[in-house]
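Trainee: Sequence isn't available, so here's the structure alone:
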Ligand code: HEC
């Protein structure tokens, strides 16, 4: 008898947990941007593997530095990559992962880094 009661309680708990999961709303396509200074630094860290820490490429790198370039130049390049109007090998894909506000914040961030 006790075993059956335990089984029923466990089954009820499992069902309740399943319903709770089923009722959760679908996640939004893009999480809201974190455009605080720390949030933008985190976004900029995604660029470091190729463009160097804070946009300063490693010695001998053939990739363009981003540090200290004019904000508009950076933003124009990234927007054109995103739109597909600027030829690219990787940036056309990468730039699509950022909202326009995030691209503007990245352009602002890198333009303020010393070369
Ligand atoms: C996997 C390597 C890689 C990563 C990561 C990367 N880039 Fe690039 N980036 C490139 C390459 C390669 C180019 C040259 C264009 C091309 O072939 O895609 C480029 C070009 C650019 C240019 C144009 C520079 C110029 O003067 O011509 C900008 C601006 C830029 N990247 C910004 C960014 C930003 C901002 C990030 C981070 C959100 C980023 N990139 C992340 C590889 C990368």
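Mentor: Received the coordinates, thanks. All figures in this text were calculated on a predicted structure; none of them were measured in a lab.

Trainee: and residue 51, how many neighbours?
Mentor: 20 (other C-beta atoms under 10 Å). (C-beta placed from N, C-alpha, C; glycine too.)

Trainee: One more: the one 5 residues further on?
Mentor: Other residues within reach of residue 56 by the criterion other C-beta under 10 Å amount to 18.

Trainee: now swap in residue 83 and tell me
Mentor: Using other C-beta under 10 Å as the criterion, residue 83 is surrounded by 11 other residues.

Trainee: confidence score at it?
Mentor: In this prediction, residue 83 carries a pLDDT score of 96.

Trainee: Show the contacting residues for it.
Mentor: The neighbourhood of residue 83, defined by C-beta atoms under 8 Å, 6 or more residues apart in numbering, contains no residues.

Trainee: and it, backbone torsions?
Mentor: Its backbone dihedrals place residue 83 at phi -80, psi -20, with angles given as degrees, to the nearest 10.

Trainee: Could you tell me which residues of this structure lie near the ligand?
Mentor: If contact is defined as C-beta under 6 Å from any ligand atom, the residues of the chain in contact with the ligand are 46-47, 49-51, 63-64, 66, 74, 77-78, 88-91, 94, 106.

Trainee: The helix or strand hosting residue 49: how far from the chain's middle?
Mentor: The secondary structure element spanning residue 49 is helix 48-51 (assigned by DSSP states H and E). With C-alpha atoms, centre = their mean, to the nearest Å as the basis, the distance from the averaged C-alpha position of helix 48-51 to the chain average is 15 Å.

Trainee: Other residues contacting it?
Mentor: Taking C-beta under 8 Å, 6+ apart as the criterion, the residues outside helix 48-51 that touch it are 54, 57, 63-66, 90.
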